[in-house]
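**Student:** Next one to model:
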Amino acid sequence: MTESWLFLLIVKMAIAAGIVVSCSLIAERSGPLVAALIATLPISLGPVYVFLAIDHDAAFMADAALGSMASTIANGCLFLVYVKRAQRHATLTSLGPALLVWLAAILALHWLAPSFWTLLGLMLAVFIGAHLAVRPHLAARPAAAAGRPWFAIPLRAIGVATLAGTATTASAYVGGVWSGVLAGLPIVMSSLVLILQPRIGGPAAAAVIANSVIALLGFGLAVSVVHFIAVPFGSWTALGVGLLICVVWNLGLMALARRAAP
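**Tutor:** Purely as a prediction, here's the structure:
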């Protein structure tokens, strides 16, 4: 029994890592907007949610989505802090405080235990405010194109595989809400920062994260819908609708950007 469980866990981790790495390779060949739109798709959380849906019922998935809403709000705070600090500071002194803000936001939301509608209103306020604050930093570009360092793929693969394994294993012990929080850990964005900023500089790396702010709002709205419809319509229907919202939202942002381009 233990051997089969361990084998299944390894398979889950490998699948999640493979999906994220494939999408990341596509993102690295494009500019900050396209990179942000790809990175904010549920390429890391999506596989984790599929595995959770296999192991748990719809009520558990609704709770997990509620936890992911809180994690998304915390990610919005992280993005804002990082973008502002990366204009003048090195990688670790930019990302480190941003991660501390993420943790503080998660703990505060857990202590306050707001309702679904309060979380939704707070999410809209945080992301609209953050988007307005980072708008001056959306268009920064590196002075020269940077090659991908050798550790880029292993770093991202290890990070996402660890996330999938941790969230799947912990879900049996921490409940739905905290499983959703764990699934929303900022693994992909932190990996992108650690890879990009030393190569292309703070302002250019911050441009990718700045473009991710309004894109991540679409993901937050998607998990809000998952929470709302998981129990009446089932986990798989809710996850399908959530994925559709993410894709349509990001495609809409891409269309708007192209229409606005000179």
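
**Student:** Residue ranges in the stretch 51-200 of the chain under the pLDDT threshold?
**Tutor:** Within the stretch 51-200 of the chain, the stretches with pLDDT under 70 are 140-153, 155-157, 159-161, 163-174.

**Student:** 90 - rerun?
**Tutor:** For the stretch 51-200 of the chain, the stretches flagged by pLDDT under 90 are 51-57, 91-92, 110, 112-113, 136-200.

**Student:** All the helices of it, residue numbers only.
**Tutor:** With DSSP state H, counting those that start in this stretch as the criterion, the stretch 51-200 of the chain has helices at 58-86, 91-112, 116-134, 152-183, 187-200.

**Student:** Buried deepest among these, which one?
**Tutor:** helix 58-86 (a mean of 24; mean count of other CB atoms under 10 Å). In this view, the C-beta of every residue, glycine as well, is placed from N, C-alpha and C.

**Student:** Which elements pack onto that helix?
**Tutor:** Here helix 58-86 is seen to pack against helix 45-55, helix 91-112, helix 116-134, helix 152-183, helix 187-200, helix 202-233, helix 235-260 when contacts are counted using 3 or more CB pairs under 8 Å, 6 or more residues apart in numbering; DSSP states H and E.

**Student:** Now render those helices as TSV, adding distance to Phe79.
**Tutor:** Shown next, in TSV, are the helices and strands packed on helix 58-86 (distance: least, CB to CB, whole Å):
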stretch	distance to Phe79
helix 45-55	16
helix 91-112	8
helix 116-134	6
helix 152-183	17
helix 187-200	7
helix 202-233	5
helix 235-260	15
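
**Student:** Which pLDDT value does the model give Gly201?
**Tutor:** With respect to pLDDT, Gly201 scores 82.

**Student:** any idea how far it lies from Val181?
**Tutor:** Gly201 sits at a distance of 32 Å from Val181 (criterion: CB to CB, to the nearest Å).

**Student:** and if you look at Ser224?
**Tutor:** From Ser224 across to Val181, the span is 15 Å (CB to CB).

**Student:** next one: Gly96
**Tutor:** Applying CB to CB to Gly96 and Val181 gives a distance of 20 Å.

**Student:** same check, this time on Leu132
**Tutor:** Distance of Leu132 to Val181, computed by CB to CB: 26 Å.

**Student:** again, but for Phe79
**Tutor:** The value you get for Phe79 to Val181, if CB to CB is used, is 17 Å.

**Student:** SS state for Leu41?
**Tutor:** Following DSSP: H, G, I helix; E, B strand; the rest coil, we place Leu41 in the coil state.

**Student:** My guess is Leu239 contacts Val226. True?
**Tutor:** Yes - counting by CB atoms under 8 Å, Val226 is a contact partner of Leu239 at 6.5 Å.

**Student:** between the two, which one's more packed in?
**Tutor:** Val226 (27 against 23; other CB atoms under 10 Å).

**Student:** so what's Val181 up against?
**Tutor:** Val181 is in contact with 67-68, 70-71, 106, counting by CB atoms under 8 Å, 6 or more residues apart in numbering.

**Student:** Can you mark which positions in stretch 40-60 are buried?
**Tutor:** Across stretch 40-60, burial judged by 16 or more other CB atoms under 10 Å covers 40-53, 56, 58, 60.

**Student:** my bad, stretch 197-212
**Tutor:** For stretch 197-212, by 16+ other CB under 10 Å, it's 197, 199-212.
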